[in-house]
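Trainee: sequence unknown, structure follows:
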Ligand SMILES: Nc1ncnc2c1ncn2[C@@H]1O[C@H](COP(=O)(O)OP(=O)(O)OP(=O)(O)O)[C@@H](O)[C@H]1O
């Protein structure tokens, strides 16, 4: 599903004479199989978000390649990557990143509008997906009228609505209390088992890391892989 091959990444900061190069990822390689839930862990600043941004095409790596479903995505142009993302990748973020001026329904519908789906199909698919996350009755609520756990479910519905085979999540439980976290993890597991969705999850939280099938740890820019349970 995902092949990360010899990824190197450095950031350059400062102007010409005072330019400093910060190496973040060094020779990072690993594979993730279809249907796995894999956590990425590592100290703050170890490069977890950088790695996720490279896999999702928001950052071009200094060197190396990433393949998703056998497509070498690191070769794609920005526009090609944008349409690839719409077909293949759903995203979940710590702070949900819902659009505050849109209702739950409109937030979930948005990726389908970007895909160019006609209105009738769009409405049906959006409602079906809100039902799947248990929020159909809250469809006309704005994000500010929903609890943190409900907002995270809306963001999961927005990720799910295009039927992606892969969901990338950056600290998905970071803003939730422990009971809400538990029910969110159970829901992720259910989606994984019922729909076969692959999850790659960045986390600081041991409970989240332990719940996945496998953990990949980044230390000093390198990957230490722990074998699954
Ligand atoms: N756009 C950027 N320009 C320069 N340096 C950057 C940039 N983005 C990240 N870095 C640096 O790269 C390193 C890795 O950052 P990254 O955000 O990937 O770490 P992280 O493991 O996700 O951290 P955290 O757990 O705190 O979110 C850090 O030293 C950071 O300062």
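Mentor: It's in. Treat the numbers as computed from the prediction; the structure is a model and nothing was measured. Numbers count the residues shown, from 1 in each chain.

Trainee: list the buried residues for the longest helix anywhere in the chain?
Mentor: Selection of the longest helix in the chain by residue count, based on DSSP state H, yields helix 178-195. Neighbour counts over helix 178-195 (16 or more other C-beta atoms under 10 Å) mark 180-181, 184-185, 187-188, 191-192 as buried. To be clear about C-beta, it is placed using only N, CA and C from the backbone, and glycine gets the same treatment.

Trainee: what does stretch 17-32 give?
Mentor: In stretch 17-32, counting by 16+ other C-beta under 10 Å, buried: 24-26, 28, 30, 32.

Trainee: quick one, phi psi at the nearest residue to residue 103 once chain neighbours are set aside?
Mentor: Among residues not flanking residue 103 along the chain, residue 140 sits closest, at 5.2 Å (C-beta to C-beta, 6 or more residues apart in numbering). Per-residue torsions, residue 140: phi -90, psi 10 (degrees, to the nearest 10).

Trainee: what's the answer for residue 222, then?
Mentor: The phi/psi pair for residue 222 (degrees, to the nearest 10) reads phi -110, psi 160.

Trainee: run through the bridge partners of it.
Mentor: residue 219 (DSSP bridges).

Trainee: how far off centre is the longest helix of the chain?
Mentor: Put simply, helix 178-195 sits 15 Å off its chain's centre (C-alpha atoms, centre = their mean, to the nearest Å).

Trainee: and the helix or strand following that helix, what's buried?
Mentor: Using DSSP states H and E, the helix or strand that follows helix 178-195 in sequence is strand 198-202. Within strand 198-202, the residues scored as buried using 16+ other C-beta under 10 Å are 198-202.

Trainee: now strand 198-202 against helix 178-195, angle please.
Mentor: Angle of strand 198-202 versus helix 178-195, following axes from the mean of the first three to the mean of the last three C-alpha atoms, to 10 degrees, is 150 degrees.

Trainee: wait, residue 218 sits on residue 48?
Mentor: Yes - the pair residue 218 / residue 48 is scored as a contact, 6.0 Å apart, by C-beta atoms under 8 Å.

Trainee: can you list residues touching both of the two?
Mentor: Residues touching both residue 218 and residue 48 (C-beta atoms under 8 Å, 6 or more residues apart in numbering): 40-42.
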